[in-house]
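K.L.:
show me how the following folds:
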Amino acid sequence: MFLRALTLLASAVLAGSLLAPTAAFAADQPPVDDAPTTMSTTGFNPGVTRLAGDSRYETALAISQRYTAGVPAVFVATGSNFPDALSAAAAASLVGGPLLLTPSDSLPKNVREEIQRLKPMQIYIIGGPGAVSGAVFNALKPLASKTTRLGGADRYETARTIIKNVFTSSGTALIATGRTFPDALAATGAAGVLNAPVVLVDGVASKIPDATVKLLRSLGVRSITIAGGPGAVSTGVESHAKALGFTVQRLGGASRYDTAAAINNAYFPAGSSSTMFLATGTNFPDALAGAALAGNLGAPVYVTQATCAPKPIRESVSRLGASRTVVLGGTSVVSDASARNTECAQPRPERTKPIDGWTCPTWAPIKGNASSMIYHVPGGAFYEKTNPEECFANEGAAQRAGYRKSKL
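P.N.:
Take a look at the predicted model:
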């Protein structure tokens, strides 16, 4: 047990985390004293490291290759949809093993070879036969001493099944909608620091399902963090959690980028992690396996736009001050500019004040005469003679402001 604790402490130090996770395993897993006594993951050099492949499956392989052989477990989920892999990411980070993706009906040769390299003690297959087929199960079974399917009738039952089989206790749980992926993805880094599960709920529901409440009680959860604003997870879910006696905080904002920044600002103070992970906020495949690795290292997960960093992300990343950025996916999904935390240009307004008494800015060249409520376009008869009170980016903007076009 002492050696296992040293292993986990080393992983936290590697990521720059101030907290050292202590994994809790389900009763059917090997005792923690039998777990590998070397670190299960390798660290990153200062600067930007890009983990990417030609497909979602190869990107997951590139991420998995950061793990050393002899991992406690490997998690395998379908790469065609996000909920099952999202549910598994926090569990994989707790156990200290990678998350690999597969097509539903066949196991790729390179995925099989990677699992053989990893030599896991256990393989968890995430989802029912409709998600990962019996043929894939049979192909995976010889690769570990134990192969277990964790699935349910829907994404929410699958999430509960994963948590029941991997987490034995947790004072905290993070709740995110199962309808979209970004909020749960951002929550996984925080979950890794807390050794906490990410619980999926139907974000538009008015309450927490009884089965989920029972699960939270069985784990000893006392506090809940809701990832996302009311548009993602309803106020009904929040009110229900409070009525059940849980301490509840909501970390969310107007967009997925605001939510990711809020989560990471709350759980990763400035200077607390030397490593951060960066994924696209518009699609899920590249990010799923990376979330498990981030959680294992106790590092935050940020989502960003393809060509630039939205303002809340830029500010949060700058505040964190991590010296190592791990980019998940190729430049088409997260550009080099995004990786450098280059802020997106702020959109210009439709109307503005003139530069001086006679001149409008080049991006808003249409002159508006407030006394007559007439606007003048460049080249018009009275354009040069008009002293504008307002300038507009286009004619539509002037018309929406109540102006009409000069007849000359």
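K.L.:
list the buried residues for stretch 364-375?
P.N.:
Residues of stretch 364-375 classed as buried: A364, P365, I366, K367, G368, N369, I374, Y375 (neighbour count, 16 or more other Cβ atoms under 10 Å). C-betas here are computed from N, CA, C, even on glycine.
K.L.:
tabulate those (JSON lines), appending secondary structure.
P.N.:
Output for those, formatted as JSON lines (DSSP: H, G, I helix; E, B strand; the rest coil):
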{"residue": "A364", "secondary structure": "coil"}
{"residue": "P365", "secondary structure": "coil"}
{"residue": "I366", "secondary structure": "strand"}
{"residue": "K367", "secondary structure": "strand"}
{"residue": "G368", "secondary structure": "strand"}
{"residue": "N369", "secondary structure": "strand"}
{"residue": "I374", "secondary structure": "strand"}
{"residue": "Y375", "secondary structure": "strand"}
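K.L.:
how about the helices in the stretch 201-350 of the chain?
P.N.:
Using DSSP state H, counting those that start in this stretch, the helices found in the stretch 201-350 of the chain span residues 210-219, 235-243, 256-267, 285-297, 311-320, 336-339.
K.L.:
which of the ones you listed comes out lowest on mean pLDDT?
P.N.:
Mean pLDDT values for the helices of the stretch 201-350 of the chain show the minimum at helix 285-297, a mean of 89.
K.L.:
elements contacting it?
P.N.:
Contacts defined by 3 or more Cβ pairs under 8 Å, 6 or more residues apart in numbering; DSSP states H and E place helix 285-297 against helix 2-15, helix 56-64, helix 83-95, strand 99-102, helix 182-194, strand 275-280, strand 301-304, strand 324-328.
K.L.:
mean neighbour count added to those, as a markdown table?
P.N.:
Below are the helices and strands packed on helix 285-297 laid out as a markdown table (neighbours: other Cβ atoms under 10 Å):
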| stretch | mean neighbour count |
| --- | --- |
| helix 2-15 | 18 |
| helix 56-64 | 23 |
| helix 83-95 | 30 |
| strand 99-102 | 28 |
| helix 182-194 | 30 |
| strand 275-280 | 28 |
| strand 301-304 | 29 |
| strand 324-328 | 24 |
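K.L.:
closest one to A397 among these?
P.N.:
Nearest to A397 among the helices and strands packed on helix 285-297 is strand 301-304 (29.6 Å), distances taken as Cβ to Cβ.
K.L.:
which strands border the closest one, and is each parallel or antiparallel?
P.N.:
Using DSSP bridges, the strands paired with strand 301-304 are strand 275-280 (parallel).
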